[in-house]
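my questions concern the predicted model and sequence given below.
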Amino acid sequence: MKVVVTGGAGFIGANVVEKLIDRGVEKVVVLDDLSSGYRANIEGFDVEFHEGSILDRALLGQVVQGADSVIHLAARPSVPRSIVDPVLSHEVNATGTLYVLEAARRHGSHVVLASSSSVYGSNPVLPKSETLRTAPISPYAVSKLATESYALAYQAVYDMSVLPFRFFNVYGPLQAPGHAYAAVVPSFISQALRGQPLTVHGDGCQTRDFTFVDTVTEALAISAIKRIASASAVNLAFGSRVSLLEVIKLLEKCLDRRLEVTHSDPRPGDVRDSMADDSLFKSLFPDVVAKPLELGLNETINWMRSSSFDRN
Ligand code: NAD
C-alpha cells in the first residue's frame, strides 16, 4: 500500500507518518515545502521525502502516482496568519487542495483532508453538528470551507472517494511553540517551562474542544488504510468543552505549581466557543477513543522537556 502525506513534516503530518508505519503501510511518501514543518520531525522514519509545494502540479502528479490514499494536511495554518496574508492562505489551502484533488482524480487515489472547526465561525449553536450552517469569520476558515467543499464536489461529480475531517484544537508532541502563530497549548507549556507568565488572549473564558494528536492520527491512518469515505464533512473531536483558564488549572496540576497569567487583547477572527457533536465520528470510528486532556497535557509536557522544541 502507498500513502502520500502532504504536509507530512508538520505537527499532525509527522505524527501520522509514524502511525502509518506502525500500522504496516509499506510505502509512506511525504510532500512538504517545510514552510512550517521540519525535516527533523520525520528523521529516522522509513519515508520517501519530497521537499516541494502542493502548488507545483508536476511534482504533485509524480508524488501521487500509484497512491492508494492521500492524507492531505499541507496548508498555511492559523487564523492570525491568514489575516496577515489572506491571498497566500487561499492559494495554499483552497487552490492547493484543488490541485491535490486533481492529482488524486488522475491516479484514482482516495483522499482524506483536513478542514477545521473554524468553519462554524460565528454560528453560536453548541455543540457543533455537521448539519449546522457554516459561518466563517476569517480568511483561514473560508479557505478550509473551500477545502472540504471541493472534496465533496469531487466526490459528487467524479465519484471520488473522499473524507474531509473538521479538526478542532489538536495538541500534543511535535506541535511547535516557538513562533508568533503558535497554538495555545504549546505556547502555554513553553511559557510555563521557562518560568514566564502565560499569555491569554481575552478573558480566558473562551472554550475549545481539545483533541490529542494520537487520537487524530489514529482516525487518519484507519481512514487511509480502509479508504473510508463520507458524504459530508466529519467532526474529529469528542464533545468536551474546556476554557483556557481550565487548561491553565490542569497545567498547574500537572506541573504541581501555580502559574502566573497575563491577559492581552482578544484576537480578531477567533471564535468564542467550540465543542463538537461527535455522533457522526463515533458512528464511523467506534473504536477510536479520546485521551483525557490531563493525560495528553502530561505527555506533551514530557515531550517538550525532552526535546529541543524551540526551533524558531
Ligand atoms: P503544521 O503547520 O505543523 O503542518 C502543515 C504542514 O504543511 C507543514 O509541514 C508545512 O510545511 C506544510 N505546507 C505548508 N504549505 C505547503 C505547501 N504549499 N506545499 C507543501 N507543504 C506545505 O500544522 P498542523 O497543525 O499539523 O496542521 C495540519 C493540517 O490540519 C492543516 O491543514 C491545518 O489547517 C489543519 N488543522 C489543524 C488544526 C490544529 O489544531 N492543529 C486544527 C484545524 C485544522
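Cool, got the structure. Only a predicted model underlies this, so the values are computations on that prediction, with no experimental measurement involved.

and this protein, which residues reach the ligand?
With the criterion set to Cβ under 6 Å from any ligand atom, the chain comes near the ligand through 6-7, 9-13, 31-37, 53-55, 73-77, 92, 96, 114, 116, 167, 169-170, 183. C-beta here means a position set from N, CA and C on the backbone, and glycine is covered the same way.

could the C-alpha coordinates of the helix or strand bottoming out on mean pLDDT in the chain be exported in PDB?
Of all helical and strand segments in the chain, the minimum by mean pLDDT, DSSP states H and E falls on helix 79-84, at a mean of 94. This file holds the C-alpha atoms of helix 79-84, laid out as PDB (Å, rounded to 0.1, in the frame of the first residue of the first chain):
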ATOM      1  CA  VAL A  79      -6.300  32.200  11.800                       C
ATOM      2  CA  PRO A  80      -3.900  35.200  12.500                       C
ATOM      3  CA  ARG A  81      -1.600  34.100   9.800                       C
ATOM      4  CA  SER A  82      -4.500  34.200   7.300                       C
ATOM      5  CA  ILE A  83      -5.400  37.700   8.400                       C
ATOM      6  CA  VAL A  84      -1.800  38.900   7.700                       C
END
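
what residues sit buried inside that helix?
Within helix 79-84, the residues scored as buried using 16 or more other Cβ atoms under 10 Å are 79, 81-82.

ranges for the strands of the stretch 151-300 of the chain?
162-167, 169-171, 198-201, 207-208, 210-212, 234-236, 242-243, 261-264 (DSSP state E, counting those that start in this stretch).

nearest to residue 290, of those?
Minimum separation from residue 290 across the strands of the stretch 151-300 of the chain (Cβ to Cβ) falls at strand 210-212, 7.0 Å.

in its sheet, what does the closest one sit against?
Strand 210-212 pairs in its sheet with strand 169-171 (parallel), by DSSP bridges.

what about the partner strand, average pLDDT?
Taken as a whole, strand 169-171 has an average pLDDT of 97.

using TSV, lay out the strands of the stretch 151-300 of the chain together with mean neighbour count.
Below are those laid out as TSV (neighbours: other Cβ atoms under 10 Å):
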stretch	mean neighbour count
strand 162-167	26
strand 169-171	21
strand 198-201	18
strand 207-208	22
strand 210-212	25
strand 234-236	26
strand 242-243	16
strand 261-264	12
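
closest one to residue 130 among these?
Taking Cβ to Cβ, strand 234-236 is the member of the strands of the stretch 151-300 of the chain nearest to residue 130, at 6.1 Å.
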